[in-house]
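Fold the following, please.
(2 chains)
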Amino acid sequence: MEKVTVRQLAAGAENYAEKQVKVDGWIRNNRDQKSFGFIALNDGTHFNTIQIVYEKEFLPNYEQVAALGVGSAISVSGTLVLTPEARQPFEIKALAINPEGDSPADYPIQPKRHSREFLREVAHLRPRTNLFSAVFRIRSLLAYAIHKFFQERGFIYLHAPIITANDAEGAGELFRVTTLDPKNPPVLDDHAVDYSRDFFGKKTNLTVSGQLEAEAYALAFKNVYTFGPTFRAENSNTPRHAAEFWMIEPEIAFADLNDNMDLAEEMVRFLINDMLEQAGTEMDFLNQFVDKGLKERLQNIVKSEFIRINYSRAIELLQESKEKFEYPVQWGKDLQTEHERYLTEKIYKKPVFVTGYPRDIKAFYMRVNDDQKTVAAMDLLVPGVGEIIGGSQREERKEVLEQNISNFNINKDDLWWYMELRKYGGVKHAGFGLGFERMLMYLTGVSNIRDVIPFPRTVNNCEF
RNA sequence: UCCUCAGUAGCUCAACGGCAGAGCGACCGGCUGUUAACCGGUAGGUUGCAGGUUCGAAUCCUGCCUGGGGAGCCA
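As a prediction, this is how the structure comes out:
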């Protein structure tokens, strides 16, 4: 008897019609009647369940099977039957059902709607629900799609370090990495902790970005990307922030800001297309139960050009809009969330690149424009999620970069190697950071980042 | 960190100063094709925690804890 998966059956049930097969899985629902019953079985290989029909006359352990609760693990042997007239295209008429793992009546996941908040408390069981089955299948496919996109274009995948000593990027609060005894650390004469006696002989932390290292590799391999975990110790409590998340950071040499935006746009379009193709069943489910406009919105984005406007023009548009904003719109100040949302959700209703931000509100490594007041930065704003990409052309002129570093009061000594990238074969280059989970939220319509990370880490929460 | 809303049965919620309830789930029974099945019945509670006001508190007040939403920070 051939062991099959629901994935194999979904791909071609007619190959198995009237044949005997064996499937293993977990019971989603079990309904018994006097002499027959139905089990909705999920074997983990496919979003959909397979229906198992079992009858008293064939099963010596009918009563035992009928009593199996939701969540129980079973092995089923039976005949695959095509059922074109029914709601499901095929089912299995059971000849034998072996209980493998019982699930008592207090199993928290019931065949009914649960709140996301409740399911977060049972994060070890929530992947057994429809929503999380869809989300985490798509998460896996999306990670693969990202590699596909860059590998097909000849990019080199770079593993940037996770432990780093540079804290010069200003990209957020850091998680310290140390082996010192917190109760009794070695101290200097002025009672400050003596990090020279720490594991690495200096202060170290978890990475907040692999960008600086990616620049080094872009200036050797031309086009590279990183894709790995990132850590920010921000005390931020929002549906869009996590302390541990994944980020994709491509870096391209001999390229300017426009090349950078072209790449970002092509990538976003590729990822959407790929998910619509690869995850049809899951996308249909999300479109029906999570966000009614999801598929239409994504399909429109694939077709339409992204908007590109500069910061100054964005300020003008917002000022002309007559919309009442809580925070004033003023040149020189950063765009507030409400401003970004207005641009992408009200004015354009599609993704918008905003470029050329004031120099003072952006990072030291961004290339200064000829006006000396703005930098070659770009943010990609999308409806519903807000900023999913932040990037820039990098400052490749050694003198200008040095000036920036001193303007931002950054310790130049930490960046000696970064400066040498400008000294030896420095060339214009650019890159961006894509928040993996934010992209996933955008693709699935799921509005809380805690629901697209298997075991999310946020302020005051490191359960599981 | 700030603002705001909410914690009542396993889950989703009602009761809003006067006997703590419903739907779903669970359990028992019925039903020959169900599919978040249907029909009948049963069990299930220190109303987040601590204090206060009151003859009487799930309900009003104070503090704390937990969670949601908004803001800032950002991806």
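
got the buried residues for the strand or helix carrying residue A:54?
Take DSSP states H and E as the rule and residue A:54 turns out to sit in strand A:50-55. For strand A:50-55, the neighbour count (16 or more other C-beta atoms under 10 Å) marks A:50, A:51, A:52, A:53, A:54 as buried. For the C-beta atoms, the positions are set from N, CA and C on the backbone; glycine is no exception.

Contacts for stretch A:4-22 next, please.
Residues from elsewhere that reach stretch A:4-22, judged by C-beta atoms under 8 Å, 6 or more residues apart in numbering: A:1-3, A:23, A:25, A:41-43, A:45-46, A:48-50, A:75-82, A:89-90, A:92, A:95.

Buried ones among these?
A:23, A:25, A:41-43, A:45-46, A:48-50, A:76-81, A:90, A:92, A:95.

Helices of chain A, start to end?
A:6-12, A:62-66, A:116-121, A:130-152, A:211-221, A:257-278, A:280-289, A:294-303, A:311-320, A:337-341, A:398-407, A:416-423, A:436-444 (DSSP state H).

other SSEs contacting the second one?
Helix A:62-66 is packed against strand A:20-32, strand A:36-42, strand A:50-55, strand A:90-101, with contacts defined by 3 or more C-beta pairs under 8 Å, 6 or more residues apart in numbering; DSSP states H and E.

how near is residue A:310 to RNA strand B?
18 Å (C-beta to the nearest atom of the strand, to the nearest Å).

what's the answer for residue A:284, then?
With C-beta to the nearest atom of the strand as the criterion, residue A:284 and RNA strand B are 15 Å apart.

In contact with that residue, which residues are there?
residue A:295 are the contacts of residue A:284 under C-beta under 8 Å, 6+ apart.

quick one: residue A:145 and residue A:274 touch, right?
Yes - Residue A:145 is within contact range of residue A:274, at 4.3 Å (criterion: C-beta atoms under 8 Å).

tell me the domain boundaries of chain A?
Domains of chain A are assigned by automatic domain parsing as A:2-101, A:128-172+A:208-230+A:237-435+A:442-448.

what mean pLDDT does the longest one have?
I take that to be domain A:128-172+A:208-230+A:237-435+A:442-448. Averaged across domain A:128-172+A:208-230+A:237-435+A:442-448, the pLDDT comes to 93.

With stretch A:111-119 instead?
Rounded mean pLDDT across stretch A:111-119 is 90.

Give me the buried positions along it.
Result for stretch A:111-119 [16+ other C-beta under 10 Å]: buried residues residue A:119.

what's the answer for stretch A:344-356, then?
A:344, A:345, A:347, A:348, A:350, A:351, A:352, A:353, A:354, A:355, A:356.

Excluding chain neighbours, what is closest to the fourth one?
Take residue A:348 and drop its neighbours on the chain: the residue closest to it by C-beta to C-beta, 6 or more residues apart in numbering is residue A:307, 4.9 Å away.

Pull the contacting residues for the one you found.
Neighbouring residues of residue A:307 by C-beta under 8 Å, 6+ apart: A:348, A:350, A:351, A:352, A:353.

Tell me how far it lies from residue A:343.
Residue A:307 is 8 Å from residue A:343, where distance means C-beta to C-beta, to the nearest Å.

shared neighbours, these two?
Common neighbours of residue A:307 and residue A:343 (criterion: C-beta under 8 Å, 6+ apart): residue A:352.

pull the CA atoms of stretch A:181-190 into PDB?
C-alpha atoms of stretch A:181-190 as PDB (Å, rounded to 0.1, in the frame of the first residue of the first chain):
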ATOM      1  CA  ASP A 181      29.300  38.400  35.200                       C
ATOM      2  CA  PRO A 182      26.400  41.000  35.500                       C
ATOM      3  CA  LYS A 183      26.700  40.900  39.300                       C
ATOM      4  CA  ASN A 184      30.400  41.500  39.400                       C
ATOM      5  CA  PRO A 185      31.900  42.800  36.100                       C
ATOM      6  CA  PRO A 186      35.500  43.900  35.800                       C
ATOM      7  CA  VAL A 187      35.700  47.700  36.200                       C
ATOM      8  CA  LEU A 188      38.100  50.500  35.400                       C
ATOM      9  CA  ASP A 189      39.300  53.100  37.900                       C
ATOM     10  CA  ASP A 190      36.300  55.300  37.200                       C
END
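
mind checking how far that stretch is from the chain centre?
Relative to the centre of its chain, stretch A:181-190 is centred 39 Å away, using C-alpha atoms, centre = their mean, to the nearest Å.

Same question for that stretch: list its buried residues.
So stretch A:181-190, judged by 16+ other C-beta under 10 Å, has zero buried residues.

Kindly report the same for stretch A:254-267.
For stretch A:254-267, the neighbour count (16+ other C-beta under 10 Å) marks A:255, A:257, A:260, A:261, A:263, A:264, A:265, A:267 as buried.

Just checking that stretch against RNA strand B, any contact.
No - figure legend: stretch A:254-267 not in contact with RNA strand B (C-beta under 7 Å from any atom of the strand); closest approach 10.5 Å.

Kindly report the same for stretch A:432-448.
Yes - using C-beta under 7 Å from any atom of the strand, stretch A:432-448 reaches RNA strand B at A:433, A:434, A:435, A:437, A:438, A:447, A:448.

Residue numbers of the stretch 351-464 of chain A in contact with RNA strand B?
Going by C-beta under 7 Å from any atom of the strand, the residues of the stretch 351-464 of chain A near RNA strand B are A:386-390, A:433-435, A:437-438, A:447-450, A:460-461.

I'd like to know which of these are buried.
With neighbours counted by 16+ other C-beta under 10 Å, those contain buried members at A:386, A:387, A:388, A:389, A:390, A:433, A:434, A:435, A:437, A:438, A:449, A:450.

quick one on the thing from earlier: turn the helices and strands packed on helix A:62-66 into CSV, columns for distance to RNA strand B and mean pLDDT.
Formatted as CSV, the helices and strands packed on helix A:62-66 follow (distance: least, C-beta to the nearest atom of the strand, whole Å; pLDDT from 0 to 100):
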stretch, distance to RNA strand B, mean pLDDT
strand A:20-32, 4, 94
strand A:36-42, 3, 94
strand A:50-55, 5, 95
strand A:90-101, 5, 94
